[in-house]
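> what's the 3D shape of this:
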Amino acid sequence: MNLVITPEYAPGMVVLSFVIAAAGAFAALTASSLIVGRNGRVQVINALTAGVALGGIGVWSMHFIGMLAVHIDMGVSYSIPETLLSLVAAVAGSTAALWWVALRPSLPRVVGAGVLLGFGVVVMHYLGMYGMRFGGRFEWSVGTVALSVVIAIVAAIAALWLAFVVRTLVARIGASLAMAGTVCAMHYTGMAAATFICTTPNPQAFPAGPLLVNSLQMPVLVSIVAFGAVFVILVDQAFQRLQAQPRRAAPAGR
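Numbering: from 1, shown residues only. Down below sits the predicted model:
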């Protein structure tokens, strides 16, 4: 049995994936502005925070919500090892790229780090898809996969450039929306590259196992983790900014 399954997209989940990508991008841009301290030294905690926001929330969380937005009329589960490894790849790649550019910001560094980060995003995306378990297999469009790689690299270069250029709140919000749009474009292009082939007489059954999580459990879990992380990151950045403000001089006594 080899049956091509036509996917359908849930508009609400697509919108949620964009909102999560924008929230992660906003948190990453906020943290990136504090990577380089007043003494010119790179702040390790802020670099890691920005990496978690960009890779873990803006890319990885968006990716899984985006995957759940695709209904393929089959029971789908996710392998925990591949899922966690894809998260590590996204966070590590984002942190390393932001750190490298922060050491000495320049256009060549932004482009070089963007290429590496773009490939990191691609690895995260297709590793996450490799972790899908269902009663069938994928068939891939090589041309569409290549297009998703190009989009990922362009998006990564733009993200790194914006991370060290954007300063005002309004500009940060606009940049976050633009970054979310490019991240979603890469993701849904990558999803379009895959054709789902059903090879089982019982496609509705969810693959089960000790290291598998079925797709019904993923949306709430990923959303809670993503928005919770954004909240913690923004609160931390707000406190850092308050502490960095010079103290106002006390009024002179009469």
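
> list the buried residues for stretch 175-190?
By 16 or more other C-beta atoms under 10 Å, the buried positions in stretch 175-190 come out as 175-176, 178-180, 182-190. (Each C-beta comes from the backbone N, C-alpha and C, glycine too.)

> distance of the residue nearest the centre of the chain relative to Pro210?
Nearest residue to the geometric centre of the chain (C-alpha atoms, centre = their mean): Val59, 0.8 Å. Taking C-beta to C-beta, to the nearest Å as the measure, Val59 and Pro210 are separated by 28 Å.

> the closest residue to Ala27 other than its chain neighbours: neighbouring residues, count only.
Nearest non-adjacent residue to Ala27, counting by C-beta to C-beta, 6 or more residues apart in numbering: Ala53, 3.8 Å away. Neighbour count of Ala53, defined by other C-beta atoms under 10 Å: 30.

> please shift the residue numbers so they start at 52 in all later answers.
Sure, I'll start counting at 52 from here, so that last one is Ala104.

> for Ala104, helix, strand, or coil?
Per DSSP: H, G, I helix; E, B strand; the rest coil, the secondary structure class of Ala104 is helix.

> mind checking how far it is from Val172?
The value you get for Ala104 to Val172, if C-beta to C-beta is used, is 14 Å.

> again with Ile116
Applying C-beta to C-beta to Ile116 and Val172 gives a distance of 15 Å.

> over to Val217?
20 Å.

> and the two? which has more neighbours close in?
Val172 (32 against 20).

> now the more buried one, nearest residue through space, not along the chain?
In this structure, Val172 finds its nearest non-sequential neighbour in Ala203, 4.6 Å apart by C-beta to C-beta, 6+ apart.

> quick check, pLDDT for that neighbour.
At Ala203, the predicted lDDT confidence score is 91.

> next up, the contacts around it.
169-170, 172-173, 176, 237 (C-beta atoms under 8 Å, 6 or more residues apart in numbering).

> tell me the one among these nearest to Gly75.
Minimum distance to Gly75 across these is 12.5 Å, recorded for Val172 (C-beta to C-beta).

> pretty sure the closest one contacts Ile202?
No. Taking contacts as C-beta atoms under 8 Å, Val172 lies outside contact range of Ile202: 9.4 Å.

> number of residues surrounding Pro58?
Pro58: 15 neighbours (other C-beta under 10 Å).

> please apply the same query to Val55.
10.

> please apply the same query to Gly260.
10.

> in three-state terms, label it for me.
Quick answer, by three-state DSSP: Gly260 is coil.

> ok, Val264 next?
strand.

> helix, strand, or coil at the closest residue in space to it that isn't next to it in sequence?
Spatial nearest neighbour of Val264, excluding adjacent residues (C-beta to C-beta, 6+ apart): Tyr129 at 5.2 Å. Under three-state DSSP, Tyr129 falls in the strand class.

> one more: Asn253?
Asn253 ends up coil, using three-state DSSP.

> show me where the stretch 152-301 of the chain has strands.
183-184, 187-191, 245-249, 263-265 (DSSP state E, counting those that start in this stretch).

> which among those strands is found nearest to Ile71?
Here strand 263-265 is closest among these (C-beta to C-beta), at 18.3 Å.
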